[in-house]
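Peer 1: Mind looking at a prediction? Sequence and model below.
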Amino acid sequence: MSKIVKYKKLSLWSLLGLLLSWLISCQSNPAPSPELEFWTMQLQPQFTEYFTELISTFEKENQGVKVRWVDVPWDAMESKILSAVSAQTAPDVVNLNPSFASRLAANNSWLDLNTKVTPEDRQQYLPKIWQASTLDNLSFGIPWYLTTRVTIYNQDLLVKAGINEPPKTFEQLSEFAAKVKEKTGKYAFFATFVPGDSAEILESLVQMGVKLVDEKGKAAFDTPEGIAAFQYWVDLYQKGLLPPEVLTQGHRHAVELYQAGELALLASGPEFLKTIENNAPTIAKVSAAAPQMTGKTGKKNVAVMNLVIPRATDKPDEAVKFALFVTNSVNQLAFAKAANVLPSTQEAVKEYAKELEKGGKTTPIEQARKVSATQLQDSEVLVPAMKNINQLQKLIYENLQAAMLKQKQSNKQSKKQPKLGIKRNLKFYILQKKARLLWHNLYWLRSRLE
């Protein structure tokens, strides 16, 4: 009898074990209804309605796929995505720019889109813009929206200074800034030299004919053109024609100064006119837009926002499908009109230009959009994706700051010590930072080997 009881108990426990195993198996292998996590940069609440409708349409067209949208503040994105990639908890699709994304592309963090995007899909995008998200022949990003800087200017300040039009080149900016300062007591222009902020100064060097790196990726700006460009910005600062805050404040401060009526020019995207209209309506009423300033090369810069897909995603096909959906011509055109930005597909650009031509009464924002769109065909990414671009920018900005503060001579040999060439400066900088970067480099080396 006791044997029968023991047998029944054993059978019961075996049955429970099988049932538990079945339940666990069901939990670890759920029905195919993947949820895609999609991160954007500071697009809520202004575009909540747009993305809610966009995601809803995608989910209806792709039954069983759900998208969870997470909007990340602009200044928090870099640290959050770095942490997420390191912890293997990155989203499936994330909105970045090629400059930052290339830093992680160098460490094989993103999905290779050459294996996932067909040539037909790729050809829909502007060729130069697609190339901006390519590093060592690896396509790591799908182009989304674009902006080309325009020169927003305060017409009242120009009238007070006796000037008819804003400068077209950096050479003209010197004379323009001197007149504005003399006649109005205001500053003409603000460009930040804070290493971790805007790359506007780095781009200006390219516009002035400076080659930043050679074909091997080594610093190549220790040239007559490089020295002349460095001296240009140093002279502008030392003559008191740039606000002293250019050494300590980022581009946001330029917007603040312009809105306060303390700045004659603002180099920014057309979308900032909406911000000015909301924050400083009096200034907005006297604002107009002109083409982007450039150097002797005539080159103009375009800023790119893209969508990248982490290599660790367990839903690569769905992620690529969603990214292509967000960036198709129809959706790009709709977002471009809503956000005062430019699309990156060839068809959407043509439609956008046609719609701008149809416009009747031209508001300052519409005028700026027209200027921006007109520049697009001649614009390019002046500082393409490259390894260690953040270190290059830091080196250049720190040397410019030192020269502006007369801590270092920008083009003359020091009396106390021989001049370090800029190439040697870069080598010295990297050696100086070697200990700090050692752990970081070892970490990424390990992650690539795993």
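Peer 2: Received the coordinates, thanks. From a predicted model like this one, the values you see are computed outputs, not experimental measurements. Residues are numbered from 1 along each chain as shown.
Peer 1: Can you pull up the most central residue in this structure?
Peer 2: Nearest residue to the geometric centre of the chain (CA atoms, centre = their mean): N97, 3.5 Å.
Peer 1: Would you map out the domains in this structure?
Peer 2: 1-30, 35-147+305-366, 150-301+383-418 (automatic domain parsing).
Peer 1: Could you export those domains as a markdown table, including mean pLDDT and distance to Q377?
Peer 2: Glycine gets a C-beta too; all of them are placed from N, C-alpha and C. Below are the domains of the chain laid out as a markdown table (pLDDT from 0 to 100; distance: least, CB to CB, whole Å):
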| stretch | mean pLDDT | distance to Q377 |
| --- | --- | --- |
| domain 1-30 | 43 | 48 |
| domain 35-147+305-366 | 93 | 8 |
| domain 150-301+383-418 | 91 | 10 |
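Peer 1: got the contact list for the residue lying closest to E182 once chain neighbours are set aside?
Peer 2: Excluding the flanking residues, the one nearest E182 by CB to CB, 6 or more residues apart in numbering is A161, at 7.8 Å. By CB atoms under 8 Å, 6 or more residues apart in numbering, the contact set of A161 is 179-180, 182-184, 264.
Peer 1: now swap in M386 and tell me
Peer 2: Going by CB under 8 Å, 6+ apart, M386 touches 102, 135, 213, 217, 392.
Peer 1: do A177 as well
Peer 2: Applying CB under 8 Å, 6+ apart, the residues near A177 are 187-189, 236, 241-242.
Peer 1: what's the answer for A90, then?
Peer 2: Here A90 is in contact with 81, 84, 310, 312-313 (criterion: CB under 8 Å, 6+ apart).
Peer 1: Turn those residues into TSV, columns for distance to I201, neighbour count and secondary structure.
Peer 2: Below are the contacts of A90 laid out as TSV (distance: CB to CB, whole Å; neighbours: other CB atoms under 10 Å; DSSP: H, G, I helix; E, B strand; the rest coil):
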residue	distance to I201	neighbour count	secondary structure
I81	25	24	helix
A84	30	17	helix
P310	31	22	strand
A312	35	15	coil
T313	36	20	coil
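Peer 1: export those residues to JSON lines and tack on distance to A228?
Peer 2: Output for the contacts of A90, formatted as JSON lines (distance: CB to CB, whole Å):
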{"residue": "I81", "distance to A228": "38"}
{"residue": "A84", "distance to A228": "43"}
{"residue": "P310", "distance to A228": "43"}
{"residue": "A312", "distance to A228": "46"}
{"residue": "T313", "distance to A228": "47"}
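Peer 1: starting at the chain centroid, how far to stretch 274-285?
Peer 2: In terms of CA atoms, centre = their mean, to the nearest Å, the centre of stretch 274-285 is found 25 Å from the chain centre.
Peer 1: If you could redo that for stretch 154-163, that was the one I meant.
Peer 2: Here stretch 154-163 is found 32 Å from its chain centre; the criterion is CA atoms, centre = their mean.
Peer 1: List the buried residues for it?
Peer 2: Residues of stretch 154-163 classed as buried by neighbour count (16 or more other CB atoms under 10 Å): 154, 156-158, 161, 163.
Peer 1: Would you map the strands across the stretch 101-250 of the chain?
Peer 2: With DSSP state E, counting those that start in this stretch as the criterion, the stretch 101-250 of the chain has strands at 134-135, 138-139, 141-148, 150-154.
Peer 1: Between the ones you listed, which one is closest to V65.
Peer 2: Among the strands of the stretch 101-250 of the chain, strand 141-148 comes nearest to V65, with 17.7 Å by CB to CB.
Peer 1: tell me the phi and psi of the residue nearest to S109 when sequence neighbours are not counted?
Peer 2: Counting by CB to CB, 6+ apart, V85 is the residue found nearest to S109 once chain neighbours are left out, at 5.3 Å. Dihedral angles of V85 (phi, psi; degrees, to the nearest 10) stand at phi -60, psi -40.
Peer 1: Ok, V302 next?
Peer 2: phi -120, psi 140.
Peer 1: again, but for the one 3 residues further on
Peer 2: With angles defined as degrees, to the nearest 10, M305 shows backbone torsions of phi -110, psi 130.
Peer 1: Likewise for W39?
Peer 2: With angles defined as degrees, to the nearest 10, W39 sits at phi -110, psi 130.
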